[in-house]
Structures are given as structure tokens and as C-alpha cells.
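here are the coordinates; sequence isn't available:
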Ligand code: GDP
């Protein structure tokens, strides 16, 4: 008969099967007493929080009380995948509570970027998403840029209430929470003892001096992001680790660009113009004739066109097509969620088709840069 064991730290049911799921313990750790889950172990010994993840519906259910509580909501989004990491139902979720939009990973933008323009762009986009914000803060959790501004904005807007930190997976929420922990707290023990009401989901609470807390929430999984679909091996290839060096291509209509074998852009119609690609520099961009593109893909996917390598090609869903008309005189980006974007420098308009793995969000927006 099997005995069900619980983590001595957070009370979650322990399991040895899936290191990516809640309650995981490596088998060796079962020999030690008291048994704590890997997540509590990391928090206790390394002061390292890693978020649990949930889909959006479960997230909204779990945190449905936030809209009826007085609180400050800090929403972290990824500037490299803005459309992929925005939470579509956030305004409904927060009720009348103030929202700070923390825009992370600004270190990935080219060095010459005008940050005021970026803030204006984000404010405009947030409005289009129906989100009211009390502040927009740019930062890089990894490179430690803008962290002071995040702290100051939280202090300014929280008014003796709890602070809920929310975000999609992979936006850098854990990185930022870990910075907040090392800044605010030396009470490791307290970090493991909180639960969401009525569940065994453990949460990280960073105590504040007025008895309130900064509360980490589960990361929301959005399967419309390429970052959720690629293999672990390919993830660091599609996610840039340093400032992007944009690649500019002068194309005639009837030409195609391949982004490894991850995606493809066809320039169907329009005057000769330039396309600026903001993607990880680890992804090889290959230019070809549109009429040759299908054949090239069939023959060279996984080799000349990589990543992914040949063995991993079938792990991605087949391409779906998205067609767009970029209007005359507009500067727009075509975004492939998780992969980056292509700026269409069009004065005369352009008709293009994006091929991207089925389910991946592909949208057009006003140019970020
Ligand atoms: P979470 O899933 O939101 O908790 O995100 P993590 O904190 O685990 O970060 C996800 C990935 O984004 C990791 O590979 C981090 O190294 C990376 N990351 C986090 N913050 C930044 C940042 O400011 N800039 C860049 N370039 N990468 C970041």
C-alpha cells in the first residue's frame, strides 16, 4: 500500500515523476528527513523562488479574490514578446485596483533605443488592450537595470496594501522576485509557509514592514508563444541573450525569408523595400525566391534551415499561414510570438504571408522601434 507524503515546507503532495510539476522531489531526497519538495529546497537553501505555472483559466479562478481586495497589481511583461505575454483579461481581474506595468528585458533592445519612445509605445498598446495603468516602468531583471524604478513605483502606489506580482511564464518574474527577496527580506523560513486560500499551492510571500506582503503568483502558460513549444535545447537559441543586432534585408516582391525552420515570411506584392528582422542572432535567416521556398524547406529543413535540427522538426506543429496587408505610409511590425518581429519599412504598402507553427500568435502592430 502506497503512503502519500507531504512536503514538510509547504504541505504539497510529493511526487518523484515530473520535475516540472508541483511537489517534485528527487528520489535521493526521500532518504533525508524532513522531506521537502524541490521548490522549497531551493527557496530555503538558495533563496531562489521559481514560479508554479497555471493556464489562464485556473489562474483567474485561483486569484479571483484579488479584484475584491484592495491591492496593488504588478504585471510583468516581456518586451521581446509583448503581444505574447500580455494577459488579455487582466483589467477584469484587477477590478479597481491600480496596475503597474513592468516591462522587462529592455536589455535586448539595440543600444541606441530611445526609452521615452518605448514608454509612450507601451502606454498606447496597454490602452488598446483595455488596460489602465498607474505607471509603466522599463527594466531588465537580468542586467539589473531599472530595478530602483520598480521599487520606487511599488512604494509610491501600494498605499499599505498587498502587492500581487503577476505575469506569463518566461517574462522574468522569478528573476525579479528573487531580486525583491534579496532586497526586502531575510526571513527565508517564512517564504515557504504560505498557501493560497483553500489550496495546497504554496506561494512566496515577501513580508513588508507594515505587515503586508509582496505575493508571487503562478506564471500563466500561453501556448501561443514559440517559447512554450520549442525543445529545451532550442529555447536558448530563439531567446536572445544580449542586445539584438537587427538584420536588414532589401527584398523584391516574390522573395522569401526563412528564420531557421521556425518560421518564414513571403513578400508577395509591393515595391522593393527593406525588412528589419529583430530575432535572436542564433537563428539563421535565409533568403530565397518565393517560387523555390516550398522545395527549399522540404529539402533543407533541419540542416541549412535550423534550428530546429532535423530530429526535432516533427516536434513543432506544421506551419499555418497568416496573410497581412501593410498599408501605405505606415511603419508596422509583424510579430511572431516568442521568435521576435519583422519591421516592414514600407512607404508603398506590402502584402506578406507569415508561415509559423500552428497555434503560434502572429500579429501586426505599430512599430516598436
Ligand atoms: P519566469 O518564468 O517569468 O519566472 O521567468 P524567469 O525569471 O525564469 O526568466 C525566464 C528567462 O528569461 C530566463 O532565461 C531568464 O534568464 C530570462 N530573463 C529574465 N529577465 C531577463 C531580462 O531582464 N533580460 C533578459 N535578456 N533575459 C531575462
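Right, received. Where do you want to start? These figures come from a predicted structure and were not determined experimentally.

measure the closest residue to residue 338 other than its chain neighbours to residue 364 for me?
Once its chain neighbours are removed from consideration, residue 338 has its nearest residue in residue 226; the separation is 3.1 Å (Cβ to Cβ, 6 or more residues apart in numbering). C-beta coordinates here come from the backbone N, C-alpha and C atoms, glycine included. With the distance defined as Cβ to Cβ, to the nearest Å, residue 226 ends up 17 Å from residue 364.

Give me the more crowded residue out of the two.
Each of residue 226 and residue 364 had its neighbours counted (other Cβ atoms under 10 Å), and the higher figure belongs to residue 226 (26 against 19).

residues contacting the more buried one?
Taking Cβ atoms under 8 Å, 6 or more residues apart in numbering as the definition of contact, the neighbours of residue 226 are 238, 262, 336, 337, 338, 339, 356, 357, 360.

Does the last one touch residue 227 like I think?
Okay, so that is residue 360. No - the pair formed by residue 360 and residue 227 falls short of the contact definition of Cβ atoms under 8 Å, at 10.0 Å.

and the stretch 251-369 of the chain, which residues reach the ligand?
With the criterion set to Cβ under 6 Å from any ligand atom, the stretch 251-369 of the chain never comes near the ligand.

what about residue 142, distance to residue 235?
Residue 142 is 15 Å from residue 235, where distance means Cβ to Cβ.

can you give me the helices in the stretch 201-350 of the chain?
In the stretch 201-350 of the chain, the helices defined using DSSP state H, counting those that start in this stretch lie at 226-229, 235-238, 290-300.

Can you name every helix or strand that the last one contacts?
The reference is to helix 290-300. Helix 290-300 makes packing contacts with strand 255-259, strand 263-269 when contacts are defined by 3 or more Cβ pairs under 8 Å, 6 or more residues apart in numbering; DSSP states H and E.

if we can go back for a sec, output the helices of the stretch 201-350 of the chain as a markdown table; include the columns distance to residue 149 and mean pLDDT.
As requested, the helices of the stretch 201-350 of the chain are arranged in a markdown table below (distance: least, Cβ to Cβ, whole Å; pLDDT from 0 to 100):
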| stretch | distance to residue 149 | mean pLDDT |
| --- | --- | --- |
| helix 226-229 | 26 | 94 |
| helix 235-238 | 28 | 94 |
| helix 290-300 | 45 | 98 |
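
out of those helices, nearest to residue 56?
With Cβ to Cβ as the criterion, residue 56 lies closest to helix 226-229 of the helices of the stretch 201-350 of the chain, at 12.7 Å.

quick one: contacts for residue 180?
Remark: with contacts taken as Cβ under 8 Å, 6+ apart, residue 180 is in contact with 151, 165, 206, 214.

Tell me which of those residues fall in strands.
Among these, the members falling in strands (DSSP state E) are 165, 206, 214.
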